[in-house]
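Chemist: Predicted model follows, preceded by the sequence.
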Number of protein chains: 2
Amino acid sequence: MATPSNTQPLSPAQERVYQRLLEHRRNTGEMPDLSELARGMGVHYVTLKQHLEALQTKGYLTFESRGRGRSPRLELPAEATGIPLVGDIPAGSLGIASAHVEAYLPNLAASGALRSDFALRVSGYSMADLIQPDDIVLLAALRPSRSGQICAVRVGEDEVTLKYLDSLPKGQYQLRPHNPDYPTVTVHGSELSIDGVYRGLLRGSVAESLLLPN
Amino acid sequence: MATPSNTQPLSPAQERVYQRLLEHRRNTGEMPDLSELARGMGVHYVTLKQHLEALQTKGYLTFESRGRGRSPRLELPAEATGIPLVGDIPAGSLGIASAHVEAYLPNLAASGALRSDFALRVSGYSMADLIQPDDIVLLAALRPSRSGQICAVRVGEDEVTLKYLDSLPKGQYQLRPHNPDYPTVTVHGSELSIDGVYRGLLRGSVAESLLLPN
DNA sequence: CAGGACGACTACAAAAACTATAGCATGGCA
DNA sequence: TGCCATGCTATAGTTTTTGTAGTCGTCCTG
C-alpha cells in the first residue's frame, strides 16, 4: 500500500481545518490545543472536534482522545510531515510519485537553509568509497548551483544514478563517478534530467533508527 | 560552559521524582501528565508540582506552565536525553568526560538493538574516502565482537583515532586505515584502549540539522 | 529558640476536553 | 412534494486537569 491513505475529498470546512493545522505545525512545530485553535478559527470546540474526527476517518490525521481534561493526541501522518525515502525510481517516472516511497525521515524539516526534499537509498558502487550501497542520501530538488556537485540524475529513460555533474561547453554535461572502475559519460543536456542535488547522507544504524515506516 | 548545569544536590523526594521522569521517558518516549504521575507516585498534584519547580531552579529540567487547564511544557535537557557529540578527546582522558561535549543528537535512543552511546566528529583523512573529515560518527561503547571492525581507539596517550581493528596472535592488534596513504601500525593490547565500535555516520546537512546545541 | 528548607495537605478557581442534544441548510430520492 | 441523510453550527452540562493560596508538622542550623 504505497499510496497515501488520504485520497477522499474534503468538505470546505474540513479543508480549512486541515490547512490551518499544516500552517500551525510549520510555524510552531507543534500541534495546537483544540480550544485555542477553535477560538482562532472563530468556531466552537465541538464543531472543530467533529471536523477533526471527519479528517481522522478520511485518513488525513490521527486524533486520539485521552479522556476528559487531558489534551488529545493529534498527529499528522508521515506523508505530511516527513521527507520521503524513495526506493528505486523506475524508468520514465519523473518527480516523486507517491508510489515507490519506502519510508519517511522525520524531524529534518526545521532548518530552513539546508532543507532536503527527498531521500534515496543508494544501490550501486559508482560513488564508492565516498558513498556506499545502502547509504541513505538526502537530496534537494534544485538545479545545481555550480559545476562539480554531486547530483541525482537520469539519462533518457534510465534509472536514477548519483554522480558528479560537470558542466561542459555547448550544453554538454559530464557524469563522473567517484569510483575509477566506472566510466565517465558525456551527454547533452537535452538527454539529461536532474532530480536533485546532494545534501548529505546517513549510514548504518542511524539510518534505520530514524526511518518511520510508511 | 561545558559542564552540565545540574550540579546541585537533590533532596530524596526530588530525586525520586527525577528518576521517575527518566524512567517514564525511557518507557514511553514522552513526558507524563502531572496528575497521572502524581497518582502513580501516591502524592498530591501540588506536592509534585513543588518538586518539579525545585528541579527547575536546580537546572535538572524545564517546567513551563501554560496556564490553567493546559498541560505544562515539561522537558528534560539534552544532557539527559541525547547522545553526546564529543569534539576532540585530549590525551589521557578516558570515558566521555562531560567537558569536550559540543552538542547532542536527540531521538536516536529508541532502537534498542543498535544503540549508540556517543558520537565523534572526524578530523583526519585516515579513513577516507569511506569516512570524511567533518563526518559525525556514531559509536557504541563496547568491545568489538570480531576482528576487522572499525573502532575508535587510542594508543598510549595519543588522541582518539578511527581505524579498522584487526586482532593478531600474541595479543597484538593492527590499526589499519582505509586510506592507503596512511600507515598501518601494530601495537600490543596493553598499549591500546578501545573507546567504541563504529555504528554509522551522518554527513552534510543532516548532521547540522540534527544537532542541538549544548 | 527562631528561622528556614522540606514535604505534604486542603480548598477553591479557571480552563480544557467530553457528552448529549438540537437547529438549520442542502441535496438526493421515492 | 415529503422524507431522510449529510454537513455545519451551536448550547448546556459534566469530568479532569492545572493553577493559586494558604496551612501544618518535621528537621536542621545558627
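Modeler: Here it is on my side, so go on.

Chemist: ok, and for the longest helix along chain A, which residues are buried?
Modeler: Ordering each helix of chain A by length in residues (DSSP state H) puts helix A:12-28 first. Of all the residues in helix A:12-28, those buried under the rule 16 or more other Cβ atoms under 10 Å in any protein chain shown are A:14, A:17, A:18, A:20, A:21, A:24, A:25. Where you see a C-beta, it was placed from the backbone N, CA and C, and this is true even at glycine.

Chemist: With stretch A:197-208 instead?
Modeler: By neighbour count on 16+ other Cβ under 10 Å, the buried set for stretch A:197-208 is A:197, A:198, A:199, A:200, A:201, A:202, A:203, A:204, A:205, A:206, A:207.

Chemist: Just name the closest of those to DNA strand D, please.
Modeler: Top of the list for closeness to DNA strand D, among the buried residues of stretch A:197-208 and by Cβ to the nearest atom of the strand, is residue A:206 at 33.3 Å.

Chemist: For that closest one, which non-adjacent residue is spatially closest?
Modeler: Closest residue to residue A:206 apart from its sequence neighbours, by Cβ to Cβ, 6 or more residues apart in numbering or on different chains: residue B:200 at 4.3 Å.

Chemist: Tell me which other helices or strands the helix or strand hosting that neighbour touches.
Modeler: Per DSSP states H and E: residue B:200 is located in strand B:192-204. Judged by 3 or more Cβ pairs under 8 Å, 6 or more residues apart in numbering or on different chains; DSSP states H and E, strand B:192-204 is in contact with strand A:192-204, helix A:205-210, strand B:136-140, strand B:149-155.

Chemist: okay, the angle between that strand and strand B:149-155?
Modeler: Inter-element angle recorded for strand B:192-204 and strand B:149-155: 120 degrees (by axes from the mean of the first three to the mean of the last three Cα atoms, to 10 degrees).

Chemist: Strand B:192-204 to strand B:136-140, inter-axis angle?
Modeler: Using the same axes, to 10 degrees: strand B:192-204 against strand B:136-140 is 140 degrees.

Chemist: per-residue confidence averaged over strand B:192-204?
Modeler: Average pLDDT, strand B:192-204: 92.

Chemist: Residue A:147 - how many residues pack around it?
Modeler: Residues lying near residue A:147 (other Cβ atoms under 10 Å in any protein chain shown) number 12.

Chemist: I'd say residue A:32 and residue A:23 touch.
Modeler: No: with contacts counted by Cβ atoms under 8 Å, residue A:32 stays clear of residue A:23, the gap being 10.0 Å.

Chemist: Poorly predicted segments of chain A, please.
Modeler: A:1-7, A:88-99, A:107-114, A:157, A:213-214 (pLDDT under 70).

Chemist: Up against DNA strand D, what does it have?
Modeler: A:11-14, A:42-44, A:46-47, A:50-51, A:54, A:67-70 (Cβ under 7 Å from any atom of the strand).

Chemist: Most neighbours out of those, which is it?
Modeler: When neighbours are counted by other Cβ under 10 Å, residue A:51 leads those with 23 neighbours.

Chemist: give the contact list for the residue nearest to it when sequence neighbours are not counted.
Modeler: Nearest non-adjacent residue to residue A:51, counting by Cβ to Cβ, 6+ apart: residue A:17, 4.5 Å away. Applying Cβ atoms under 8 Å, 6 or more residues apart in numbering or on different chains to residue A:17 gives the contacts A:41, A:48, A:51, A:52, A:55.

Chemist: roughly how far apart are residue A:17 and DNA strand C?
Modeler: Distance check for residue A:17 against DNA strand C: by Cβ to the nearest atom of the strand, to the nearest Å, it reads 14 Å.

Chemist: got it, and residue A:70?
Modeler: Noted for residue A:70: a distance of 6 Å to DNA strand C, by Cβ to the nearest atom of the strand.
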